[in-house]
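Novice: Turn this into a structure:
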Amino acid sequence: MPNIGLPELLIIVVIALVFFGPGKISELGGAMGKAVRGFKKAVSEPAGREEKEPEKAGKP
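Specialist: Residues are numbered from 1 along each chain as shown. Predicted coordinates:
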């Protein structure tokens, strides 16, 4: 597997800027940031919280 260094990353960034434009790149960056924050929040929550059965409203 080839290593990607700084020159290769700069070329990729320049190509992305030409292809998408600076406005779209900032929108994509914001969306990626929100996705990463959501993923980190979901991972940090206790695992049993989602699997808990709903409590019944009243006693029969």
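
Novice: Run through the strands of the chain in chain order.
Specialist: Here the chain has no strands by DSSP state E.

Novice: need the helix or strand of it with the lowest average pLDDT.
Specialist: The weakest-scoring helix or strand in the chain, judged by mean pLDDT, DSSP states H and E, is helix 48-51 (a mean of 55).

Novice: for the protein, longest helix please?
Specialist: helix 22-44 (DSSP state H).

Novice: just checking, what packs against it?
Specialist: Here helix 22-44 is seen to pack against helix 6-20 when contacts are counted using 3 or more Cβ pairs under 8 Å, 6 or more residues apart in numbering; DSSP states H and E. All C-beta spots, glycine's among them, are computed from the backbone N, C-alpha and C.

Novice: what helices or strands is the helix it packs on leaning on?
Specialist: Where contact means 3+ Cβ pairs under 8 Å, 6+ apart, helix 6-20 is packed against helix 22-44.

Novice: The helix it packs on to helix 6-20, inter-axis angle?
Specialist: Put simply, helix 22-44 runs at 110 degrees to helix 6-20, going by axes from the mean of the first three to the mean of the last three Cα atoms, to 10 degrees.

Novice: how about helix 22-44 as CSV, C-alpha atoms only?
Specialist: Coordinates of the C-alpha atoms in helix 22-44 are reproduced here as CSV (Å, rounded to 0.1, in the frame of the first residue of the first chain):
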residue,chain,number,x,y,z
PRO,A,22,-14.2,26.9,-2.2
GLY,A,23,-17.8,27.4,-1.2
LYS,A,24,-18.8,23.7,-1.6
ILE,A,25,-15.6,22.6,0.2
SER,A,26,-16.6,24.6,3.3
GLU,A,27,-20.1,23.1,3.3
LEU,A,28,-18.7,19.6,3.0
GLY,A,29,-16.3,20.3,5.9
GLY,A,30,-19.1,21.5,8.1
ALA,A,31,-21.2,18.4,7.3
MET,A,32,-18.3,16.1,8.0
GLY,A,33,-17.7,17.9,11.3
LYS,A,34,-21.4,17.4,12.3
ALA,A,35,-21.2,13.7,11.3
VAL,A,36,-18.0,13.1,13.4
ARG,A,37,-19.5,14.8,16.4
GLY,A,38,-22.7,12.7,16.1
PHE,A,39,-20.6,9.6,15.8
LYS,A,40,-18.5,10.4,18.9
LYS,A,41,-21.7,11.3,20.9
ALA,A,42,-23.3,8.0,19.9
VAL,A,43,-20.1,6.0,20.8
SER,A,44,-19.7,7.7,24.2
